[in-house]
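S.K.: structural data only, the sequence is not supplied:
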């Protein structure tokens, strides 16, 4: 019954997306035309879901940080989205997926329409129009940039998002995408990364790590002895809603990467493994926080859900449901401990971008080298079976090589770009601006006008406020 309803919805979307005149003929639409229409509508629906994730990031990041920065943090999500659209259309898409060499594409810049399909041989496996493939991959690039900018929260200049966001979308993300998905050297080796544990999440998280290190900790985060202080977010409900929206958006991320609603409905299987992993990650993280801290910690549970989704993103099409549960649960547990570890080591990452997207992205890459089944690897047409299914160490070795290569490339380029920006233009706001809050110092207004003016009035007798 659910499958019939899905087909009906996709048919309606197809008719909306493609005028009836496109199918007009005495004999009616052919099976090939219907299949193309359904696949195109399905993929466009996935695009909408992945774009919706930007709303999830805005709520999650704003809720996880302080009130005085909420408007700025939510607003820069729109800014980075706009930057990624322009930069990816102009150069990023061609560098990532255009025909070229083993390291980057050299064709397909400034996309003008489906007539440029010959410049993108790596995408020829699907009958979905090139323009829809573009917006689909654009949505992925925008998510990766949102992750990269997460580590800058509460202390980076607005101009940094503009300059770094443009360079990230042109230089870093497309190169890694080309290596794995665009016919590059990792694709030739058979690296398994179905929807981007490495390409999207590890790439973005590595850039976030570099930004976090170069920006240095927020004022008041560490005592003189180096012991970290907790700087709680101002609205946990926002954070929860953000994670729910991201969880929903992931159904566009992972199942949508099949680019097809036809055949045996493989996208449904991908949705199954994705959902099982997410649930396991959230529950496992909550339980481990309870055991370690003595209280069940809601932010840890939220990070566990996201870490599990990150880990299963690369493996969702290659592993069985029981393995997805293991992958998700371990991702939630690993992220809990690594978040605390980096915090103690002086890396002030307000949204734990590197733990949630970086470490979990690495685990996701490794997991297919362990759990990929021969049947699913053959069905998807990428790589071989994992270690636990008789494949030996070959696929595991490819996965390790891929994650190390991507991590090293992004780490070095990020240090070059952000280090240069720090020397030339500066990347951090002044101490006075940070204390005041970026809502007021960067934009001249409060994200919460009534509440913040009330707080300011209460503290006007002396000192500054830091809520």
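M.R.: Nice, I can see it. Since the model is a prediction, treat every value here as computed from it, not as a measurement.
S.K.: could you point out the helix or strand that follows the helix or strand of the chain with the lowest mean pLDDT?
M.R.: Lowest mean confidence among the helices and strands of the chain (mean pLDDT, DSSP states H and E): helix 2-17, at a mean of 54. Secondary structure here is assigned by DSSP states H and E; on that basis, the next helix or strand after helix 2-17 toward the C-terminus is helix 31-63.
S.K.: what are the buried residues along the helix or strand following that next one?
M.R.: Read in the C-terminal direction, the helix or strand following helix 31-63 is helix 70-87, with elements assigned using DSSP H and E. Residues 70-77, 80-81, 83-85, 87 are the ones in helix 70-87 that count as buried (16 or more other CB atoms under 10 Å). Heads up, the C-betas are built off the backbone N, CA and C, glycines and all.
S.K.: any residues touching the next helix or strand after helix 70-87, and which ones?
M.R.: Proceeding N to C from helix 70-87, the next assigned helix or strand is helix 93-97, under DSSP H and E. The contact list for helix 93-97, computed with CB atoms under 8 Å, 6 or more residues apart in numbering, reads 104-111, 119-120, 122-123, 134, 137-138, 141, 170, 173-175, 177-178, 181-182.
S.K.: which members of those residues are classed as buried?
M.R.: By the neighbour-count criterion of 16+ other CB under 10 Å, the contacts of helix 93-97 include these buried positions: 104-105, 108-109, 111, 119-120, 122-123, 134, 137-138, 141, 170, 173-175, 177-178, 181-182.
S.K.: out of the contacts of helix 93-97, which sit inside helices?
M.R.: In helices, defined here by DSSP state H, the members of the contacts of helix 93-97 are 134, 137-138, 141, 173-175, 177-178, 181.
S.K.: which non-adjacent residue is nearest residue 159?
M.R.: Leaving aside its chain neighbours, residue 159 sits nearest to residue 425 (6.8 Å; criterion: CB to CB, 6 or more residues apart in numbering).
S.K.: my bad, should have said residue 323
M.R.: Using CB to CB, 6+ apart, the nearest residue to residue 323 is residue 371, at 4.0 Å.
S.K.: for the host helix or strand of residue 284, the distance to its chain's centre please.
M.R.: The secondary structure element spanning residue 284 is helix 266-293 (assigned by DSSP H and E). Computed by CA atoms, centre = their mean, to the nearest Å, the separation of helix 266-293 from the middle of its chain amounts to 17 Å.
S.K.: swap in stretch 122-138?
M.R.: How far stretch 122-138 lies from its chain's middle: 19 Å, per CA atoms, centre = their mean.
S.K.: that stretch: end-to-end distance?
M.R.: Taking CA to CA, to the nearest Å, stretch 122-138 runs 16 Å from one end to the other.
S.K.: what's next to it, contact-wise?
M.R.: Applying CB under 8 Å, 6+ apart, the contact partners of stretch 122-138 are 32, 35-36, 39-40, 43-44, 46-47, 50, 84-85, 88-89, 93, 96-97, 99, 111, 113-114, 116-117, 120, 177, 181-183, 187, 256, 259-260.
S.K.: for it, what is the average pLDDT?
M.R.: Mean pLDDT, taken over the full extent of stretch 122-138, equals 96.
S.K.: before we move on, the earlier item: most widely separated two among the ones in helices among the contacts of helix 93-97?
M.R.: Of all pairs drawn from the ones in helices among the contacts of helix 93-97, the one with the largest separation by CB to CB is 134 and 175; the distance is 17.7 Å.
S.K.: wait, isn't residue 92 in contact with residue 168?
M.R.: No: contact status for residue 92 versus residue 168: not in contact, 9.3 Å apart, counting by CB atoms under 8 Å.
S.K.: returning to what we had before: now the angle from the helix holding residue 284 to helix 31-63?
M.R.: 20 degrees (axes from the mean of the first three to the mean of the last three CA atoms, to 10 degrees).
S.K.: from the contact counts, what lies against helix 266-293?
M.R.: helix 236-253, helix 298-315, helix 321-344 (3 or more CB pairs under 8 Å, 6 or more residues apart in numbering; DSSP states H and E).
S.K.: which secondary structure elements does the second one sit against?
M.R.: It stands for helix 298-315. Helices and strands in packing contact with helix 298-315 are listed as helix 236-253, helix 266-293, helix 321-344, helix 360-371; criterion 3+ CB pairs under 8 Å, 6+ apart.
S.K.: next one: the first one
M.R.: Here helix 236-253 touches helix 31-63, helix 130-150, helix 266-293, helix 298-315, going by 3+ CB pairs under 8 Å, 6+ apart.
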